[in-house]
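Participant: 3D, please:
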Amino acid sequence: MNLIKSLLSGELPARRLLVCTLLVSAAMIPALRADNTNPVPRLTIQADQVTAHVSPTLYGLMTEEINYSYEGGLYGELVRNRSFRADKSLPKFWDTVGGAGLSLDSSTPLNAALPVSLKLDATQASAAAPAGLANSGYWGIPVRPGTVYHASFQAKAAGGFTGPLTVALVSANGNTTFARAQVNNLTGEWQKFEVVLQTGNLPAATKDNRLVISTTVPGTLWLQQVSLFPPTYANRANGNRPDIMQLLADMNPKFLRLPGGNYLEGNTIPTRFNWKTTIGTVDQRPGHLDDAWGYWSTDGFGLMEYLHWCEDLHMEPLLAVYAGYSLGQHFVPPGPDLAPYVQDDLDEIEYVIGDTNTTWGAQRAQDGHPAPFPLHYIEVGNEDGFDHSGTYDGRFAQIYDAIKAKYPQLQVIATAKVQSRTPDLLDEHYYRSQEEMEAHAHDYDKYPRSAKTKIFVGEWATRVGSPTPNMAGALGDAAWMTGMERNSDIVLLESYAPLFVNVSDLHKTRAEGGSMQWASDLIGYDALTSYGSPSYYAQQMFSTHHGDTVLAASAQAIPTYTWQPTVRRRKNDTTPPPAAPPAQQVPCLFYDATRDSGTGTIFVKLVNRQVTAQPVQLVISGVPAVKAEGNLVLLQGDSPADTNSLEQPQKIVPKTSIVRDFGPDMTYVCPPCSISILELQTK
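Facilitator: Now for the predicted structure:
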């Protein structure tokens, strides 16, 4: 009983419950709050009344290259600036070894796609003083015990130099060499060299390491596409980091919105995500400046890698196509000027789903995937409501008509309201405080059921906590998700954003090259480890614990708190401030109920944003019986500011316990700062 009291009062730190299997009696719970003088909220669930069907594609992922999401994140590549194009004048992120000299050389290109190479002057090399170059990766290169790494590079040499080159994984201080291999027979022509680096029985994994390529023989050589890959998820070549992929797999996502928001558009038309330059072999991809977020993308993670990502996690791509608008207010007017971009969009769709007898379906087969990928949704642009030219209506209509004419089965999503066509879905984005999320949690209850255009909440987050959300953020998220799930006949798809953040260098700004450009991100990581935020676990809980029908539910006596909305103003706005909006009464408790029509399991979700426990009377009708034994899935923080981190990755995680006194009329006490899912068996 003391353990149960500690759990429900919030006194027991959540991390201590990892080893506990709880046997909780619902009949005992009311006694813990018997002196509560406030009315006990009552939640009535009519299990024989279905109000909606849960969208089978509701829970998904949104992604883009931000916060070093791919380069230095999900993408397995460990070498930073492998193609030497991150800076126009300097070999950025590369260091000299010994008496070597490094310079960029545009007179010795590998090919048209990669028109610059790195010239390595090792004329001072000797057996006593090796010369070469080193790369420290993205804030370190992880070295793990008993692990196989694959290194490769393109190289050519000046006359008379044939090698050997030593390729090694070395500690940052140079004191320890973990693995090494040799390359011989360089010539005056470009060749690709590949070696395997095998680490031994090391005491621990470390990240303060470098990849070093050196020689003891004097000479001059040129390098391109210097690469190092660890083991990848599903052992894919040019694949993804296993630990982050496993976090995503545990969310059971149904779709991936790709290639992102601002990353799709770029600040200018030339810096948009140009999908045709991201396919084929990686040494034929020029890369581009991700000027929306301020760093270079090699495009080693290109369109096919997105599609492989979807395939590996058994989710569908939700493909966003360029719509002729870039963030710097650059746009292509509808009509003949837009036509080439429309064709480019059709070509991209053909690459994804076309038969191999089509031009781009054949290219997909040549790229290693003859079978088409599943595809049901196309999004036209991103946040085009920011287009000051007012051309989105016309641009959308032109692209919509072209897609529907060739692919009538596809659902087309608009990113701003349009008049000339009726989109299948409208993408709505919300970045809000915890209070705002809670104040708007019932918005979709009021949405007209007869509306032809459904909703995709393609970007949203409760922005509380940095670099990843804290428990307050998770509570705001969960409150919002109850509204989306309860109305998933309207909200067909949702995806939190941003998905990733590299937390290695948070003290520098974006302009200074820091690793984060946007705070409150779902999953954090450095070169070695990763973790899910409390908001990540809220997403995981909702995605993996729900039925296929929404049940009628109503609540009485829900406690509220007073919230004073603030007026948001643009920087340097000199106009008189408007009157403050009136204060609002916002619920402290949020809920929804769904049922699995196959098993009869009822899932009741309860979100208590208060720092005190909250009893709730649950009354369930419309079923023959509610079994006494069921499950409780609980996410709870010690306080709203409580959070996870690299140092404490599992401080706040869901715990599943067995309850043996459920029934059709019972009282459940929501612990402070908690998200609860009650799984009730009715068959």
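
Participant: can you map out the strands along the stretch 351-500 of the chain?
Facilitator: All strands of the stretch 351-500 of the chain, identified by DSSP state E, counting those that start in this stretch, fall at 377-380, 411-414, 425-432, 454-462, 491-494, 500-502.

Participant: For the residue located most distally from the centre of the chain, which non-adjacent residue is closest in space?
Facilitator: Most distant from the centre of the chain: G160, at 49.3 Å, with distances by C-alpha atoms, centre = their mean. Computed as C-beta to C-beta, 6 or more residues apart in numbering, the closest residue to G160 that is not its neighbour in sequence is G219, at 6.9 Å. Using the backbone N, CA and C atoms, a C-beta is placed for each residue, glycine as well.

Participant: what's near enough to touch that neighbour?
Facilitator: G219 makes contact with 122-123, 125, 157-158, 160-161, according to C-beta atoms under 8 Å, 6 or more residues apart in numbering.

Participant: Let's have these in TSV, adding pLDDT.
Facilitator: Shown next, in TSV, are the contacts of G219 (pLDDT from 0 to 100):
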residue	pLDDT
A122	97
T123	96
A125	97
A157	98
A158	96
G160	90
F161	95
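
Participant: Among these, which are located in strands?
Facilitator: Taking DSSP state E as the definition of strands, those contribute A157.

Participant: ok, of the contacts of G219, which one's closest to L475?
Facilitator: Nearest to L475 among the contacts of G219, counting by C-beta to C-beta, is A122 at 58.1 Å.

Participant: Tell me how many other residues surround the closest one.
Facilitator: 28 (other C-beta atoms under 10 Å).

Participant: So it versus L133, what's the distance?
Facilitator: For A122, the distance to L133 (C-beta to C-beta, to the nearest Å) stands at 9 Å.

Participant: Common neighbours of those two, please.
Facilitator: In contact with both A122 and L133: 100, 214, using C-beta under 8 Å, 6+ apart.

Participant: now this protein, which segments are flagged as low pLDDT?
Facilitator: Along the chain, the parts satisfying pLDDT under 70 run over 1-37, 569-572.

Participant: what residue is smack in the middle of it?
Facilitator: Most central in the chain (C-alpha atoms, centre = their mean) works out to L499, at 2.4 Å.

Participant: gap between that one and Y70?
Facilitator: 11 Å.

Participant: Next: A580.
Facilitator: 43 Å.

Participant: These two - which one has more neighbours?
Facilitator: Using other C-beta under 10 Å as the criterion, A580 and Y70 rank with Y70 on top: 28 against 10.

Participant: Enumerate every residue touching the more buried one.
Facilitator: Counted by C-beta under 8 Å, 6+ apart, Y70 has contacts 297, 301.

Participant: can you tell me the helix or strand for it?
Facilitator: Assigned by DSSP states H and E, Y70 falls within no helix or strand.

Participant: Offset the numbering so it begins at 19, please.
Facilitator: Fine by me, first position is 19 from now on; the one you just mentioned is Y88.

Participant: Okay, it and F518: tell me how far apart.
Facilitator: 8 Å.

Participant: next one: D365
Facilitator: Distance from D365 to F518, by C-beta to C-beta: 29 Å.

Participant: okay, those two: which has more neighbours?
Facilitator: Neighbour totals were compared for D365 and F518, and F518 leads with 26 against 17 (other C-beta under 10 Å).

Participant: Could you pull up phi and psi at the residue lying closest to the more buried one once chain neighbours are set aside?
Facilitator: The shortest distance from F518 to any non-neighbouring residue, by C-beta to C-beta, 6+ apart, is to S87 (4.1 Å). Dihedral pair for S87: phi -70, psi -40, per degrees, to the nearest 10.

Participant: Any figure for the gap between the residue farthest from the centre of the chain and S121?
Facilitator: 20 Å.

Participant: same check, this time on I262
Facilitator: I262 is 35 Å from S121, where distance means C-beta to C-beta.

Participant: mind listing the helices in this structure by residue range?
Facilitator: Secondary structure of the chain (DSSP state H): helices located at 20-27, 260-267, 280-283, 321-330, 357-371, 377-384, 410-424, 452-457, 489-504, 552-562.

Participant: nearest to L61, of those?
Facilitator: helix 489-504 (11.7 Å).

Participant: now for that closest one, which elements pack on it?
Facilitator: If you count contacts as 3 or more C-beta pairs under 8 Å, 6 or more residues apart in numbering; DSSP states H and E, helix 489-504 packs onto helix 452-457, strand 472-480, strand 509-512, helix 552-562, strand 567-574, strand 607-613, strand 620-626, strand 692-698.

Participant: what's the single longest strand in the chain?
Facilitator: Looking across the chain with DSSP E, the single longest strand is strand 60-71.

Participant: Name the strands paired with that strand and say parallel or antiparallel.
Facilitator: If you go by DSSP bridges, strand 60-71 pairs up with strand 567-574 (antiparallel), strand 632-639 (parallel).

Participant: Could you identify which of these is most buried?
Facilitator: strand 632-639 (a mean of 20; mean count of other C-beta atoms under 10 Å).

Participant: Now do that one against strand 620-626, angle only.
Facilitator: Interaxial angle, strand 632-639 versus strand 620-626 (axes from the mean of the first three to the mean of the last three C-alpha atoms, to 10 degrees): 160 degrees.

Participant: what's the angle between strand 632-639 and strand 607-613?
Facilitator: Angle between the axes of strand 632-639 and strand 607-613 is 30 degrees (criterion: the same axes, to 10 degrees).

Participant: Find out how far strand 632-639 is from the centre of the chain, if you would.
Facilitator: 35 Å (C-alpha atoms, centre = their mean, to the nearest Å).

Participant: Same question for stretch 218-235.
Facilitator: Computed by C-alpha atoms, centre = their mean, the chain-centroid distance of stretch 218-235 equals 30 Å.

Participant: just stretch 205-224 next, same as before
Facilitator: How far stretch 205-224 lies from its chain's middle: 30 Å, per C-alpha atoms, centre = their mean.

Participant: List the buried residues of it.
Facilitator: Buried residues in stretch 205-224, counted by 16 or more other C-beta atoms under 10 Å: 208, 211, 213, 215, 217, 224.

Participant: who's in contact with F560?
Facilitator: 77, 496, 499, 503, 623.

Participant: Beta-bridge partners for the first one, please?
Facilitator: Spelled out, that is Y77. E512.
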